[in-house]
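Visitor: model the structure of this input:
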Amino acid sequence: MSTVKEGLKTFFGAIGSFFREFGEAVAKGDLFVKLSLIWMGAGYIRRKQFIKGILMTLLEVAVILYSVGFAMDYVTKFGTLGTVQQEAIFNLATMQNEFNDYDHSFMILLFSVITFVIWATFLFIYMRSIVNCYKLQKKAEAGEHINTFAEDLVEYKNQKFYITLLSLPVLGVVLFTIVPLIILIFVAFTNYDQQHMPPSSLFTWVGFDNFKSLFASGGLTITFGYAFRRVLVWTLVWAFFATITTYFGGILLSLLINNKKTKFPKMWRTLFVITIAVPQFVSLLLVRNFFANNGIFNTFCASIGLTDWLRDIGMISTSYIPFLSAPGWAHVMIILINIWIGVPYQMLIATGVLMNIPTDQLESARIDGATPRQVFVHITMPYVLFITGPALITDFVKNINNFNVIFLLSENVYTTTDQLMANSQASEVDLLVTWLYRLTQNYYNYKMASVIGIMVFIICAVFTLVTFTKFTKGDREEAFR
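Guide: Okay, here's the model as predicted:
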């Protein structure tokens, strides 16, 4: 965890340094620097940076007008998320029903979050502007050259081009990642569900009640706690086996195809690559039909007597093999089908890595009498694991959120018979992410979906931080030189 600690130390150190610079600027700045606390453009105009001073002034005015003219109508209601319910009022003048001036809980939440982000961004720019004005003051006192606006633009085109280049991506991350994530977190602390659906109804804050429901082990909220434990265990089991089977399957397949004794290696490699060219959802839907209760595979098994034999020994109690419609059977089949889907990708990655293994190490090992198994265990596999380790971590996290495979194989095929699972709108083959989807898309239970989304984020974040720290610990690259 040393890498994480160092990263946090650097992050908080940078924040502390930023506030120290701001405090120094306020304390030691001249009259115009202090005036910039009220009028942001004052310090720039004093140093004859008129365009920048005008831009800062316009920004300040725009934020004030936005806050007073629009944002405060929503922010002042953020504490309750609205109190006025929608009602239809008959207007005698127009002889029509009209709605009152009602509150919309989600709009209050949405625009409040956007406003908080705007205020936080403005506060950073505001504080940075004061620091910059103080730096300009020190330059003027030292007799140094102060850039014009045109020279600043040239600097952002050359020396500070990285800032220019990162501006749009950072803006995109804020708008499409940070803002939705903050809203997701806030919704988890509300009662936003089908019974509290704006605009006809209001939802409000409920504190940690939703988290208590998710982790409860008894009482009235037992269903969600029961379902969460079952789904979480299956999610982790699925992610582990889906990652390991395709990873090692791809390596072994690559070794077999690239073996000198294998005939027509290009043909075999091409056949497996062709499977990648077929869209995944098409393959999964076809396989789902093959293994359906009345599908081709069940028909074949019945014709050869396999279905009757399995029923006679007590493994099934139906007239078909429930490949994708019963617990246990569905879990195993989903993992096996995923091997067929995922191995070709890993084969291509492994082929590229194996082609770059230092041949001198392999030759030295053979000269020293190492068997093929020893070469694989002590040279090939450690080298492949070192190169593909970060990708292996990414694959595990991706499989935790692997929506396509689970949803396409189980939708309209698997129906749970566990009443507690059904009460929570979950099934035994659901991952956390597919359960989240059903809660929002089918049942409009946004509050519990948000809680589950937070749990998925925590699990993925903790696993990624811990495993990446282990993989990057020490100078492992030197071991392969």
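Visitor: show the low-confidence segments of the stretch 101-250 of the chain, by residue range.
Guide: 217-222 (pLDDT under 70).
Visitor: dump the residue contacts of T235.
Guide: I400, L431, L432 (CB atoms under 8 Å, 6 or more residues apart in numbering). All C-beta atoms are positioned from the backbone trio N, CA, C, and that covers glycine.
Visitor: name the SS class of it, please.
Guide: At T235 the chain is in helix, as set by DSSP: H, G, I helix; E, B strand; the rest coil.
Visitor: and the gap between it and T245?
Guide: Per CB to CB, to the nearest Å, T235 is found 16 Å from T245.
Visitor: over to L310?
Guide: From L310 across to T245, the span is 24 Å (CB to CB).
Visitor: got it, and L385?
Guide: For L385 relative to T245 (CB to CB), the value is 16 Å.
Visitor: who has more neighbours, the two?
Guide: T245 (17 against 14; other CB atoms under 10 Å).
Visitor: that one touches I339, doesn't it?
Guide: Yes. Contact criterion CB atoms under 8 Å: T245 and I339 qualify, at 5.0 Å.
Visitor: would you state the helices of the stretch 101-250 of the chain in chain order?
Guide: 105-142, 149-157, 161-173, 179-187, 209-215, 222-257 (DSSP state H, counting those that start in this stretch).
Visitor: can you name every helix or strand that the third one contacts?
Guide: Meaning helix 161-173. Contact analysis of helix 161-173 by 3 or more CB pairs under 8 Å, 6 or more residues apart in numbering; DSSP states H and E lists helix 149-157 as its packing neighbours.
Visitor: for the helix it packs on, buried residues please.
Guide: F149 (16 or more other CB atoms under 10 Å).
Visitor: what's the angle between that helix and helix 161-173?
Guide: Helix 149-157 runs at 80 degrees relative to helix 161-173, counting by axes from the mean of the first three to the mean of the last three CA atoms, to 10 degrees.
Visitor: remind me what helix 149-157 packs against, helices and strands.
Guide: helix 50-66, helix 161-173.
Visitor: mind checking these for the one nearest to I114?
Guide: helix 50-66 (10.1 Å; CB to CB).
Visitor: CA-only coordinates of the closest one in PDB, if you can.
Guide: Extracted C-alpha coordinates of helix 50-66, given in PDB (Å, rounded to 0.1, in the frame of the first residue of the first chain):
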ATOM      1  CA  PHE A  50      -6.500  44.300 -19.400                       C
ATOM      2  CA  ILE A  51      -8.000  41.400 -21.400                       C
ATOM      3  CA  LYS A  52      -7.400  38.900 -18.600                       C
ATOM      4  CA  GLY A  53      -8.800  41.400 -16.100                       C
ATOM      5  CA  ILE A  54     -12.000  41.900 -18.200                       C
ATOM      6  CA  LEU A  55     -12.400  38.100 -18.600                       C
ATOM      7  CA  MET A  56     -12.100  37.500 -14.800                       C
ATOM      8  CA  THR A  57     -14.600  40.300 -14.200                       C
ATOM      9  CA  LEU A  58     -17.000  38.800 -16.600                       C
ATOM     10  CA  LEU A  59     -16.600  35.300 -15.100                       C
ATOM     11  CA  GLU A  60     -17.300  36.700 -11.600                       C
ATOM     12  CA  VAL A  61     -20.400  38.600 -12.800                       C
ATOM     13  CA  ALA A  62     -21.700  35.500 -14.700                       C
ATOM     14  CA  VAL A  63     -21.300  33.300 -11.600                       C
ATOM     15  CA  ILE A  64     -23.100  35.900  -9.400                       C
ATOM     16  CA  LEU A  65     -26.000  36.300 -11.900                       C
ATOM     17  CA  TYR A  66     -26.300  32.500 -12.300                       C
END
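Visitor: list the buried ones in that helix?
Guide: Buried residues in helix 50-66 (16+ other CB under 10 Å): K52, G53, M56, T57, L59, E60, V63.
Visitor: could I get these as a markdown table with pLDDT?
Guide: What follows is those, written out as a markdown table (pLDDT from 0 to 100):
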| residue | pLDDT |
| --- | --- |
| K52 | 91 |
| G53 | 92 |
| M56 | 93 |
| T57 | 94 |
| L59 | 95 |
| E60 | 95 |
| V63 | 96 |
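Visitor: could you export these as CSV, including distance to T464?
Guide: Shown next, in CSV, are the buried residues of helix 50-66 (distance: CB to CB, whole Å):
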residue, distance to T464
K52, 41
G53, 44
M56, 39
T57, 44
L59, 37
E60, 40
V63, 36
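Visitor: having no further points to raise, I will conclude here.
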